[in-house]
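In: model the following, please.
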Amino acid sequence: MASIGLGAPAAQAQTRPAAVLPNPPSDEQSYKKEFVYGVNFNTQAGLIGGVTVRSARMLDERLFRFWSIEGVLLKNKKEEQVTTVVGGVFTPFKANYPFSLRTSFGFQRILFRKAADAGVQVNGLLSAGPSIGLLMPYYITYDRTAPTTGVISPSTDEIVNEQYDPAIHTDQRAILDRAPLFSGIGGTQVVPGFHLRGGLGFEYGRYRDAVTGVEVGFLMEAYAKRMVIFKTTDATDDEQLNRKFFPSVYLTLYFGQRS
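Out: Prediction:
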């Protein structure tokens, strides 16, 4: 009987469950915020579309909420520069430089997570928000005496920088050059709009606290009225050349940090 009593505590000790220790935080859960900036390329712009910044906050281990600000220069595909008689350049019928400032709010979900120190992570993004269209007047350098005299005189006092209007500047020989970019900034018009964006991000950074990648996707942008980029002497042509809707495919190279 005594031997049985002595063995009972030992048996109980063997069957007692071991203490459960909390799991250490994984590498995926060790950051809460992300901030990136990048350069945008899109089918509605020239060589470089614009720049963007984005700030994201983690909601769970795979879902982020973010806001972003983006500024891009739009371009009409029919734009074509010509050389003037004095070696300058200008774009016939161009009335304004069109810019778009976009504020987006959306969500980013991790679709495929990369390994801790290698591989590629794939993110899905969806966002929307207001667009502010800016139409800054396109200025040219114009010789006002040339249409009447037929002579280009760089020394005359009648050479001025003013907004290009094909109804007024009918003699293209008197157009000497395009004026500096911000010559007409005081006459900038604001056109409200809205945009919707969906894309995929491919992140290939090797370090947890550094972000490097590329984002590709589709953006649809619409404005309350036509963005007047071109102006002709025919109102029907103006309606065909200038649009309210700007669909585009884009690519953004981005870099940033997590914390």
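
In: just want the most central residue of the protein.
Out: Central residue check for the chain by CA atoms, centre = their mean: the C-alpha nearest the mean position is that of Glu70, 4.2 Å away.

In: where does pLDDT dip in the protein?
Out: By pLDDT under 70, the weakly predicted segments of the chain are 1-30, 115-118, 146-157, 205-207.

In: just the strands in it please.
Out: 33-42, 50-58, 63-73, 82-83, 89-90, 96-112, 121-137, 139-143, 159-163, 175-178, 189-203, 210-223, 245-258 (DSSP state E).

In: who touches the residue nearest to the centre of the chain in this structure?
Out: Glu70 makes contact with Asn40, Gly50, Val51, Thr52, Val53, Ser100, Leu101, Arg102, Ser104 under the criterion CB atoms under 8 Å, 6 or more residues apart in numbering. Using the backbone N, CA and C atoms, a C-beta is placed for each residue, glycine as well.

In: apply 7 Å and report the result again.
Out: Asn40, Gly50, Thr52, Arg102 (CB atoms under 7 Å, 6 or more residues apart in numbering).

In: wait, which of the residues you listed is closest to Thr83?
Out: Ranked by distance to Thr83 (CB to CB), the contacts of Glu70 are led by Gly50 at 27.4 Å.

In: from what I can see that closest one touches Gly38, true?
Out: No - checked against CB atoms under 7 Å, the pair Gly50 and Gly38 is beyond contact range at 9.8 Å.

In: against Phe255, how distant is Arg102?
Out: Arg102 sits 20 Å away from Phe255, going by CB to CB, to the nearest Å.

In: between the two, which one's more packed in?
Out: Under the neighbour definition other CB atoms under 10 Å, Arg102 and Phe255 were set side by side, and Arg102 has more, 24 against 13.

In: got the contact list for the more buried one?
Out: When contacts are counted by CB under 7 Å, 6+ apart, Arg102 is found next to Glu70, Gly129, Ser131, His195.

In: how many other residues sit next to the third one?
Out: The burial count assigned to Ser131 is 22, neighbours taken as other CB under 10 Å.

In: the last one too?
Out: The tally of other residues near His195 (other CB under 10 Å) stands at 21.

In: next, count neighbours for the residue nearest to Gly213 when sequence neighbours are not counted.
Out: Counting by CB to CB, 6 or more residues apart in numbering, Glu203 is the residue found nearest to Gly213 once chain neighbours are left out, at 3.8 Å. Around Glu203 sit 21 other residues, with neighbours defined as other CB under 10 Å.

In: could you check how far Glu203 is from Tyr250?
Out: Glu203 is 17 Å from Tyr250, where distance means CB to CB.

In: how about Gln189?
Out: Taken as CB to CB, the spacing of Gln189 relative to Tyr250 amounts to 25 Å.
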